[in-house]
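**Student:** Here is a sequence together with a model predicted from it:
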Amino acid sequence: MDAEKNKLAVGGFLFFTEKDAGLARAEEQRIAYLEERIDYSSPESIRYIYEKTIHERLFRTPVGLRYLERLRGFLLSRPEIDPATVMEIPLYVTFDGELREHTSPARSRVAPSKKRDRDKEKERFTLSVILNVMLALAIVAMFVISFVSDQPNILNYERAITDKYASWEQELNQREQTIRDKERELKLNE
């Protein structure tokens with residue numbers, strides 16, 4: 001149990017999933033990277049970094065948000081910076097645990113109705129049944145065409161080949177008879 005808690009604990013916060021904890025660890029690495037390169041003697045560069053991280057949503061977990069709060073506090077403590085120009089830190093999580101897709105709260109208020117979902121499912125089911133019936137009719141039609149067709153196929157190849165050889169045999173017998181008749185005529189005329 002303690003090993004599992006250690007996997008989920010990052011920066012003094014205990015996360016619900018390993019994915020969230022991994023995200024917080026990645027944010028810790030970003031914070032360390034920024035801290036190595038940040039110049040606290042230039043409040044404008046701090047403001048640039050602060051605003052850029054907010055716009056790019058680099059920090060979403062409490063670990064990153066705490067860092068943004070520290071930067072914001074630094075900017076507000078500087079006399080050369082007007083507090084009204086310092087951006088506030090947006091939260092992308094509602095407090096019932098759902099992650100927002102967009103920053104617009106109107107999107108979460110407008111949700112598709114369940115009736116529409118049921119109607120869509122009915123339409124899909126009806127379309128599926130119609131397509132399946134059409135495919136079954138097409139298969140039956142193909143078998144009927146194959147069975148009735150004069151061309152040899154897997155269903156009627158034996159009959160077609162037998163008929164073909166029978167017609168050849170009949171034609172050969174007729175030719176033989178014609179030749180015999182001609183031979184008799186020639187012998188009589190001699």
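**Tutor:** Ah, there it is. Residues are numbered from 1 along each chain as shown.
**Student:** just so I have it, where are all the strands in this structure?
**Tutor:** Counting by DSSP state E, the segments of the chain that form strands are 9-10, 13-14.
**Student:** Report the mean per-residue pLDDT for the last one.
**Tutor:** Taken as a whole, strand 13-14 has an average pLDDT of 82.
**Student:** try stretch 19-32
**Tutor:** The predicted model gives stretch 19-32 an average pLDDT of 89.
**Student:** Now that stretch - C-alpha only, PDB.
**Tutor:** These are the backbone C-alpha positions of stretch 19-32, laid out as PDB (Å, rounded to 0.1, in the frame of the first residue of the first chain):
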ATOM      1  CA  LYS A  19      -1.500   9.000 -15.200                       C
ATOM      2  CA  ASP A  20      -2.200  12.100 -13.200                       C
ATOM      3  CA  ALA A  21       0.900  11.500 -11.000                       C
ATOM      4  CA  GLY A  22       3.000  11.100 -14.200                       C
ATOM      5  CA  LEU A  23       1.700  14.400 -15.500                       C
ATOM      6  CA  ALA A  24       2.700  16.100 -12.200                       C
ATOM      7  CA  ARG A  25       6.200  14.500 -12.400                       C
ATOM      8  CA  ALA A  26       6.500  15.900 -15.900                       C
ATOM      9  CA  GLU A  27       5.500  19.300 -14.600                       C
ATOM     10  CA  GLU A  28       8.100  19.100 -11.900                       C
ATOM     11  CA  GLN A  29      10.700  18.500 -14.600                       C
ATOM     12  CA  ARG A  30       9.500  21.600 -16.500                       C
ATOM     13  CA  ILE A  31       9.600  23.700 -13.400                       C
ATOM     14  CA  ALA A  32      13.200  22.500 -12.700                       C
END
